[in-house]
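K.L.:
give me coordinates for this.
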Amino acid sequence: MTTITLAVLVPLLPFLAAAAGLLLGRTATGFVRPLAVLPTLTSLVFAVLVAVRQGGDRAVDAATELTPTGSVPVELALHIDGFAALTAVLVGVVASAVQIYSTGYLRDDPRYPSYAALISLFTSAMLLVVYSGDLIVLLVGWEVMGICSYFLVGHYWETPEARAASIKAFLVTKLGDVPFLIGLFALATDAGSFRITRVLGAVAHGGLDHPTLIALLLLAGVAGKSAQFPLHSWLPDAMAGPTPVSALIHAATMVAAGVYFIARLLPVFEASRAAMTVLAVMAAVTMAGSALAALAQDDIKRVLAYSTIGQLGYMTGALAVGDRGAAVFHLLSHGAFKALLFLAAGVIIHAAGTNSLAAMSRMRNLRARVPDAYWTMTVALLALAAIPPFSGFFSKEAVLGVAEHVATGDTGHAPGAAGWIVLLAGLVTALLTAAYAMRLWLLAFRGRGAEAPDHGRQPLVMTAVLWVLAVPSLAFGLAYGLLPDWFDGRDLTPLLTTSVLGTGVALTGGIVTYAAWRHTTALAARVPLGAVAAHPEGDAALVEAEAIASHKPAYGTVAAASDPADPARLLLGPLHRHAALGFHLDAVYAALFVRPVQAGASLVRFLDREVVDTYVRGAGALPRWLGAAVRRAQTGNVQTYVSALLAGTVVLVVAAVLVATGA
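P.N.:
Below is the predicted model:
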């Protein structure tokens, strides 16, 4: 088969599997799992073949006009360069891992057939975004992912958390999609085409009349889809869905789509230095804020969710300094170790006997019970913390290196201020990332929480997938020397300065967190657990301090179910409460948008009920009153009728005389 035929089959096979799964439903129970796994695996094989044939050389392009539009044509087009080829392989690897893993994780779920079909549709939509050479076709995949996320996040629709999370994810991403759509049409109007190659050609020749406006409109959509500040608040709540869905969304599909889109159209954003500065600020705020929030979370999946937001901030930071090679390198590396982190968390959650959530403060003795998750999650956390030689070190260093290069000498593609913003925020985030990675590891595997019931060994398909994903999490970064041919020739070799700085701050963050954990553990050993549980803050240090100040023993009567040795409170101090609530961004949105909309709805309801309905009721009441008056005149008595007739005749005669006299 030709490369183009293979490329068409890559998104088509998961789509056909999704269509068959949704149509057949539970009627073909024996075929549900093969129908979920085999097409996705085949699509992965074809994506690898496309990548091998493309080989980082000249992009593969093909197009056919879908329908005449009379103005800017819409074409079913492919544009496969090195970035697209490798990103499609990542999507195929993670989607295949998720489908295989889900056969064990959701083996007793009655809604597994629809779940598997939606995962296939999600995968197909992302592959369409990756390979598409036309912006309208890309938009189709973009929106299909949005509706798939709505259904998958709300998979456990019996719980109010899942229902609320699915609606929030849909609405917040749609909030960004509205300006995104306007930006796409403005871009096509200026460039005269929706074809990506022609758009880039127009940009190269200065053909954009409104580059800043277009870039900012597109950034709004990217902020929503890739969960960047200020439209990131939906992603932590989306953890109410099944854990494999979280792995797919965070590692290879929805949130990666926005970063990939900017990488694909980076020259459009580079045409506006103001847009690049806005992108740098957005990345910096996202990185640092999400890392602080991750350090304060108790649920293991919310920690990983905020971690994803921060790592996406690194990618958008690389794009803000004009280097899509570093951004996509970190996208690929992050996809491997973040999928591993979520799926390992799924093993922990499965072992705890819950559906989707697990509080780290309530974990105890898990290292011995889930050894596969322990070792593979350790690898993934080291990659997340960017400790050499794990993959995250090389990809994160590529981001810091290019930021340092732009900061010390304006390259012309991005302002020097953007380089400094990304570099400083990246170093602060590296410190915080190592801190929350160490905290997660300590609380999950060395915690003092309540002992959860032992549900036995986890299914082999789940643990086997963890070890498969551990390989790229450990070794993918070492491929930095092979990737320049795929990434516009950009040298990804680590720089000494940023390597030392990045690794140094990461080690500092991990060591300080470990020391804080030892300190809180020692305090917890001297303070009865009941006192900690009864204390409103649940903090051993506060319990002991208050006991000393009041000269009373720190005793309580409530048995503690959670681990009092959480270093986050000690590290964050008074900031902890605000960070745990995501810095109250949801409350801000409620005050700015939700409450005014609710007040407006109440006003409309009042006007409809008291004003509009009054006229409607009056229009019905007047004929009813007239009818009642006429009905009373119909007595059925002939004498009454004759008397009324004579009276009327007299009135008419008198009126006629008066008129004649007046005339």
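K.L.:
ranges for the helices of the stretch 401-550 of the chain?
P.N.:
Ranges of helices in the stretch 401-550 of the chain, per DSSP state H, counting those that start in this stretch, are 416-445, 460-475, 496-526, 529-534, 540-550.
K.L.:
list the residue ranges of this structure that fall below the pLDDT cut-off.
P.N.:
Within the chain, the ranges that satisfy pLDDT under 70 run 28-29, 352-358, 364-365, 410-412, 449-456, 524-564, 663.
K.L.:
quick test: name the residue nearest the centre of it.
P.N.:
Leu235 (4.2 Å; C-alpha atoms, centre = their mean).
K.L.:
ok, now which ones touch Thr316?
P.N.:
By C-beta atoms under 8 Å, 6 or more residues apart in numbering, the contact list for Thr316 reads Val222, Ser226, Gln228, Val259, Ile262, Leu279, Met282, Ala283, Thr286, Ala327. In short, each C-beta sits where N, CA and C put it, glycine included.
K.L.:
might one say that the fourth one is in contact with Met315?
P.N.:
Yes - Val259 is within contact range of Met315, at 4.5 Å (criterion: C-beta atoms under 8 Å).
K.L.:
anything in contact with each of the two?
P.N.:
Common contacts of Val259 and Met315, defined by C-beta under 8 Å, 6+ apart, comprise Ala327, Val328, Leu331.
K.L.:
among those, name the ones in helices.
P.N.:
Ala327, Val328, Leu331 (DSSP state H).
K.L.:
give me the buried subset of these.
P.N.:
Buried subset of those (neighbour count, 16 or more other C-beta atoms under 10 Å): Ala327, Val328, Leu331.
K.L.:
those into a markdown table, with extra columns for distance to Asn637?
P.N.:
As requested, those are arranged in a markdown table below (distance: C-beta to C-beta, whole Å):
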| residue | distance to Asn637 |
| --- | --- |
| Ala327 | 96 |
| Val328 | 97 |
| Leu331 | 94 |
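K.L.:
which one of those is nearest Ile167?
P.N.:
Closest to Ile167 out of those is Leu331 (28.1 Å), distances taken as C-beta to C-beta.
K.L.:
one step back: ok, the shared contacts of Val259 and Met315 vs Ala407, which is closest?
P.N.:
So of the shared contacts of Val259 and Met315, ranked by how close each gets to Ala407 (C-beta to C-beta), first place is Ala327, at 16.7 Å.
K.L.:
list the contacts of Leu585.
P.N.:
Contacts of Leu585 by C-beta under 8 Å, 6+ apart are Pro230, Ser233.
K.L.:
what residues sit buried inside the helix or strand it falls within?
P.N.:
Under DSSP states H and E, the secondary-structure element containing Leu585 is helix 585-589. Of all the residues in helix 585-589, those buried under the rule 16+ other C-beta under 10 Å are Leu585, Asp586, Tyr589.
K.L.:
before we move on, what about stretch 221-229?
P.N.:
Going by 16+ other C-beta under 10 Å, stretch 221-229 has these buried residues: Gly221, Val222, Ala223, Gly224, Lys225, Ser226, Ala227, Gln228, Phe229.
K.L.:
packing partners of the helix or strand harbouring Ala165?
P.N.:
Using DSSP H and E, Ala165 falls within helix 160-191. Identification of packing neighbours for helix 160-191 by 3 or more C-beta pairs under 8 Å, 6 or more residues apart in numbering; DSSP states H and E yields helix 135-153, helix 196-204, helix 211-225, helix 234-237.
K.L.:
do you know how far Val50 is from Leu248?
P.N.:
Per C-beta to C-beta, to the nearest Å, Val50 is found 21 Å from Leu248.
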